[in-house]
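> structure for the following, please:
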Amino acid sequence: DVEGGEMNYTILTDLDKLDSINFVPTFIVGFYRQGKEDIFSGFFKRLKDRFPKADIIGCSSESNIYDTIPHIDIDGTHHCIFMCIEMKSESYILQHYSTLEKYELLADKSREYSAIILSANYDDQLEHLIKMLQKGIGKNSFFGAVAGTLNSEMEKGTIFYNGKYISEGTLIWFIDQEQYLLKGVSMHDFDPVGFDLEITHAIDYTIFEIENKPALEMIEEVVGTLDPDSIASFDHPFFITSDKNKSSENIPITAMYAVDREVKSITLYKKVSNGDKLKVAIPHSRQIEEEQLVRFHDYTKDNSIAFLFVCIAFKGHWGEMEPLYLMRLSQNLKVPFIGFHTFGEIGILEPKGYSLMQNQTVTLAVLSENEDNHAAK
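Take a look at the predicted model:
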């Protein structure tokens, strides 16, 4: 176990550097591009042979993100990346919350926990788990992502738990706040505008009617014709208020997946229900975007590490400009980080907000030692 002092960590994008690690990691988080599980399994074996007591978890990605330029694995040289951390073994709990069974949260109610969660896919069970975490460990103390896939289709990803690939459920990494602090925030590029519009007929991800009118007709009356290029560029997300998030002052953003002109419906990346309220979105000004990027620095400090969850819809919206955007973001973070392109993110839009499921965000989670605890000792 770590005897106080600084938290040891290293980022591995190449296992040739394995022999240079001069500490014993107890917890390793890895992200692997979907379809490259065989490479990840080989990395896992070598890591486990070297550090047999380490817990190793992971999640599939559309592509990986890391703290060196160009920040995105554009040419496929880093199919697998790892954050190796030396943490006190009693300072965290791992739980796989299955969609097939009902589990209680394993977090000790007498202690304060934060959490990072990695989910194989988005479904009602994940929304249920988010509510459980809000009540069980705190409304805004957890961050996470849904496993990424190779394209924007509604495929399922996988999570990895100590040697096994799992295609359902959620991994929860509970972190004792007395030992380690986890802070974070989500940001996006849009503002809600106009009045609330009521969704009057929806099934799962698809909206058929808004204010008792065909959904596509209603939205195009407000924002104009939704052409294929703007849909592909994720230019028209929505802000949706529902029973899942009505307690929060900030409304999570939801990306549009497709439209059906024959049926006049709109399909989203997140489930909606009859009675939910919808607002259309307009892009932030450049000044607001810059202010948001600067704000990321507020969450980092010396000897901290970070995880960055970036939605595939965010990637689709920024296109070739995304590496430049992440370069600017990295300059503000000034801490080591790894991350991946996700199928959805869980985070807070404001410090006092609720951790909520959303799309089309950049979500940051920063882990550091609790210096107050060490000072008290």
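
> secondary structure class for the nearest residue to Asp14 once chain neighbours are set aside?
Counting by C-beta to C-beta, 6 or more residues apart in numbering, Asp14 lies nearest to His78, which is 7.7 Å off, once chain neighbours are set aside. Just so you know, the C-beta spots here come from the backbone N, C-alpha and C atoms, and that holds for glycine as well. Three-state call for His78 (DSSP: H, G, I helix; E, B strand; the rest coil): coil.

> again with the one 5 residues further on
For Met83, the secondary-structure state derived from three-state DSSP is strand.

> and if you look at Leu226?
Counting by three-state DSSP, the backbone at Leu226 sits in coil.

> so who does it touch?
Each residue near Leu226 by C-beta atoms under 8 Å, 6 or more residues apart in numbering is listed here: 216, 219-220, 236, 256, 259.

> now swap in Ile28 and tell me
Residues counted as contacts of Ile28 (C-beta under 8 Å, 6+ apart) are 47, 51, 54-57, 82-85.

> of the contacts of Leu226, which qualify as buried by neighbour count?
Neighbour counting over the contacts of Leu226 (16 or more other C-beta atoms under 10 Å) leaves 216, 219, 236, 256, 259 as the buried ones.

> for the fourth one, give the beta-bridge partners.
Think Met256. Counting by DSSP bridges, Met256 is bridged to Leu268.

> just to check, it is in contact with Lys270?
No: assessed by C-beta atoms under 8 Å, Met256 is found out of contact with Lys270, at 10.3 Å.

> low-confidence ranges in the stretch 201-350 of the chain?
The stretch 201-350 of the chain contains residues with pLDDT under 70 at 244-249.

> how does it look with 90?
Along the stretch 201-350 of the chain, segments meeting pLDDT under 90 span 242-252, 270, 283-303, 316, 318-334, 349-350.

> can you show me the helices along it?
Along the stretch 201-350 of the chain, counting by DSSP state H, counting those that start in this stretch, helices occupy 215-223, 228-232, 286-295, 312-318, 322-333.

> need the winner for burial among these.
Compared across the helices of the stretch 201-350 of the chain, helix 312-318 shows the largest average neighbour count, a mean of 23 (mean count of other C-beta atoms under 10 Å).

> about what we covered before: closest one of the buried ones among the contacts of Leu226 to Gln358?
Minimum distance to Gln358 across these is 13.5 Å, recorded for Met256 (C-beta to C-beta).

> dump the longest strand along the chain to CSV, restricted to CA.
In the chain, assigned by DSSP state E, the strand with the most residues is strand 190-203. Presented in CSV, the C-alpha positions along strand 190-203 are these (Å, rounded to 0.1, in the frame of the first residue of the first chain):
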residue,chain,number,x,y,z
PHE,A,190,-25.0,24.9,-27.0
ASP,A,191,-27.6,27.0,-25.2
PRO,A,192,-31.3,26.1,-24.8
VAL,A,193,-33.6,28.7,-26.5
GLY,A,194,-37.3,29.3,-26.8
PHE,A,195,-40.2,27.7,-24.9
ASP,A,196,-40.5,24.2,-23.5
LEU,A,197,-42.2,22.0,-26.0
GLU,A,198,-44.1,18.9,-24.7
ILE,A,199,-43.3,15.5,-26.2
THR,A,200,-46.8,14.0,-26.6
HIS,A,201,-45.9,10.7,-28.3
ALA,A,202,-42.6,8.9,-27.9
ILE,A,203,-41.4,5.3,-27.9
